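[1] The following block contains a protein sequence and its predicted model.
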Amino acid sequence: MIEAKKLKKVFKSRGKSVEALKGISFTAKDGEIFGLLGPNGAGKTTTLRILSTMLSPTGGTAIVEEHDILKEKAEIRRKIGFLSTETGLYDRLTPDDTLKFFGKLAGMEMTDIAKRADYLFDRLDLKKDRKRLISGFSTGMKQKVSIARALIHDPSVIIFDEPTNGLDVLTAKTVTDFLKEMRDEGKTVIISTHILSVVEKICDRFVIIDTGSIVAEGTLPELLEKYEAVELEDIFFKLVPERRDA
Ligand SMILES: Nc1ncnc2c1ncn2[C@@H]1O[C@H](COP(=O)(O)OP(=O)(O)O)[C@@H](O)[C@H]1O
Ligand SMILES: [Mg+2]
């Protein structure tokens, strides 16, 4: 489970400060896919980086699997699988080598790494490519290797930033099906996206976030009723004003 409590983040660079998060709170429960939906610059990546202890908030805190992000970073890192939008893969390794490397970093035994890798490559449809160099891979294949890498240690909390961004429909479906499977195993899955259909297809609950604030929260049926809307797009355009810079 994840509980964000009044998270704030102010970035300061070259004398200017940007209030990326203005005190956001939400709860993502076990066995659900929770979505952060918002336009570019809304604060989605900042939120997910804070939850995964990669970035410190300037205010508020969050509890991830009973651990406080401010005090228990190491415990949290062991329990989460974090996928960022930068792939962070070594081009000169194969998927097999990549999982061995990151499995060892996570303190796993070789036999467990091998078992887990077989499972992940099977589920992500990478079996036939596991011994090829990543340098020759398409964006979609690289994304699937990054996902396998993030999940090698079988984390109970899955934090994925824009997991289907830039993927073809088939690869995107492989990824969303796998996210649903992990949700059904009882894991907490939190994803960010700017794509409305991803939320409609896989998120059990979500927040709409804009300029560092939550502007709506609920299930899709709840929000459709509340805003007397036919589809998510109607709600999104009602709550998120169009901006030239976005
Ligand atoms: N390292 C940083 N330094 C300064 N500003 C940042 C930094 N990271 C993000 N921001 C700013 O914080 C805001 C939220 O960014 P981000 O969380 O990346 O949004 P999203 O992922 O929703 O597109 C934006 O205005 C962005 O420019
Ligand atoms: Mg982002």
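    Structure's in. What do you need? Ligands and ions are numbered 1, 2, ... in the order given.
[2] Residue of this structure nearest ligand 2, please.
    T45 (3.2 Å; Cβ to the ion). C-beta: built from backbone N, CA, C; applies to glycine.
[3] So that residue is in contact with E86, correct?
    No. Using Cβ atoms under 8 Å, T45 is not in contact with E86; the gap is 10.2 Å.
[4] Tell me where the protein is predicted with low confidence.
    Applying pLDDT under 70 to the chain flags residues 243-246.
[5] in which helix or strand would I find V18?
    strand 16-28 (DSSP states H and E).
[6] What residues of the lengthiest helix in the chain count as buried?
    Taking DSSP state H as the criterion, the chain has its longest helix at helix 169-184. Across helix 169-184, burial judged by 16 or more other Cβ atoms under 10 Å covers T171, A172, T174, V175, T176, F178, L179, M182, R183.
[7] which residue sits closest to the second one, ignoring its sequence neighbours?
    Once its chain neighbours are removed from consideration, A172 has its nearest residue in T164; the separation is 4.2 Å (Cβ to Cβ, 6 or more residues apart in numbering).
[8] The one you found and T174 touch, don't they?
    No. T164 is beyond contact range of T174, at 9.7 Å (criterion: Cβ under 8 Å).
[9] Show the contacting residues for the nearest residue to T45 once chain neighbours are set aside.
    Closest residue in space to T45, ignoring its immediate chain neighbours: D161 at 5.5 Å, by Cβ to Cβ, 6+ apart. By Cβ atoms under 8 Å, 6 or more residues apart in numbering, the contact set of D161 is K44, T45, L48, F82, L83, S84, T85, I191, S192.
[10] at 10 Å what do you get?
    D161 sits next to 36, 44-45, 47-49, 52, 82-86, 190-193 when contact means Cβ atoms under 10 Å, 6 or more residues apart in numbering.
[11] before we move on, back to that, look up phi and psi at the residue nearest to A172.
    Backbone torsions of T164, given as degrees, to the nearest 10, read phi -110, psi 10.
[12] show me the contacts for it.
    T164 touches 140, 143, 171-176, 179, 191, 193, 195, 197-198, 201-202, counting by Cβ under 10 Å, 6+ apart.
[13] Repeat that for E200.
    With contact set as Cβ under 10 Å, 6+ apart, E200 has these partners: G35, L37, F206, L220, E231, L232, E233.
[14] Kindly provide the distance from it to F236.
    E200 sits 11 Å away from F236, going by Cβ to Cβ, to the nearest Å.
[15] which residues are in contact with both of those two?
    Common contacts of E200 and F236 (Cβ under 10 Å, 6+ apart): L37.
[16] The most centrally placed residue in the chain is in what secondary structure piece?
    Taking Cα atoms, centre = their mean, the centroid of the chain lies closest to F160, which sits 1.5 Å from it. Assigning secondary structure by DSSP H and E places F160 in strand 157-161.
[17] Please tell me how far the nearest residue to D96 once chain neighbours are set aside sits from D234.
    In this structure, D96 finds its nearest non-sequential neighbour in R130, 4.8 Å apart by Cβ to Cβ, 6+ apart. Distance, R130 to D234, using Cβ to Cβ: 44 Å.
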